[in-house]
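Student: I would like to see how this sequence folds:
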Amino acid sequence: MTKAIIISGNLAQDHEFIYPYYRLLEEGLEVDVCILEGKPVKGFLGTTLPPNKDQVVKKIDQIKVDDYKVLVLPGGVKAMEKVRQEKKIIDFISKFNEKKKIIACICSGAQLLISAKVVKNRKIAGYYSMEDDLINAGAIYTDKPAVVDDNIITTAHYKDMGPWMREVIKKI
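Tutor: Model (predicted):
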């Protein structure tokens, strides 16, 4: 069975976590969740993440790059500012990219891509306020509903989750 991992933290953007979570389950993938805090958290809008009460929440020390084909990085600027400070998570993202595995990133999740140093010379979408940060990190900022650059698929805003996840599913 194909496995995906969603990495996030407290105050993640609820929509950006929940939609890919259920969309991947709908496609028959096994979806694991790694939360910085190591336990369920609240999304920015108050939803418990992960949304399934029986979902096991893993810590970064409990997951291995080789176990997954897809990595999802939801946004939520307050969450990402903290998550990007965890070096083990940033190393995980960097290794995932080195192996050319699928990285699906939305909105302020792009902060993690910057910290993992995987954006240079890549077409990347991220939340609009991060355009300068992405450009300064060497990315080619691209504001389209779904931006595909080899193994990285990004979008800037949850209004474009449909096209974004359609490209992720195609890539799988």
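
Student: Could you use CA atoms for every contact and neighbour count after this?
Tutor: Will do.

Student: any idea what the residue lying farthest from the centre of the chain is structurally, helix, strand or coil?
Tutor: Most distant from the centre of the chain: Asp54, at 21.4 Å, with distances by Cα atoms, centre = their mean. State at Asp54, reduced to three classes by DSSP: H, G, I helix; E, B strand; the rest coil: coil.

Student: Give me the most central residue, the protein.
Tutor: Leu73 (0.9 Å).

Student: Check the gap between that one and Ile106 for me.
Tutor: Between Leu73 and Ile106 the distance is 6 Å, computed by Cα to Cα, to the nearest Å.

Student: Show the subsequent helix or strand relative to the helix or strand of the chain with the lowest mean pLDDT.
Tutor: Lowest mean confidence among the helices and strands of the chain (mean pLDDT, DSSP states H and E): helix 77-83, at a mean of 94. Following helix 77-83 in sequence order, the next helix or strand is helix 87-98 (DSSP states H and E).

Student: Please export the C-alpha coordinates of that following helix as CSV.
Tutor: What follows is helix 87-98, C-alpha atoms only, in CSV (Å, rounded to 0.1, in the frame of the first residue of the first chain):
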residue,chain,number,x,y,z
LYS,A,87,15.9,20.5,12.7
LYS,A,88,14.8,16.8,12.5
ILE,A,89,11.7,17.8,10.5
ILE,A,90,13.8,20.1,8.2
ASP,A,91,16.3,17.2,7.6
PHE,A,92,13.4,14.8,6.9
ILE,A,93,12.1,17.2,4.2
SER,A,94,15.5,17.6,2.7
LYS,A,95,16.1,13.8,2.5
PHE,A,96,12.6,13.3,1.1
ASN,A,97,13.5,15.7,-1.7
GLU,A,98,16.9,14.1,-2.3
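
Student: Who are the contact partners of Ile60?
Tutor: 34-36, 88-89 (Cα atoms under 8 Å, 6 or more residues apart in numbering).
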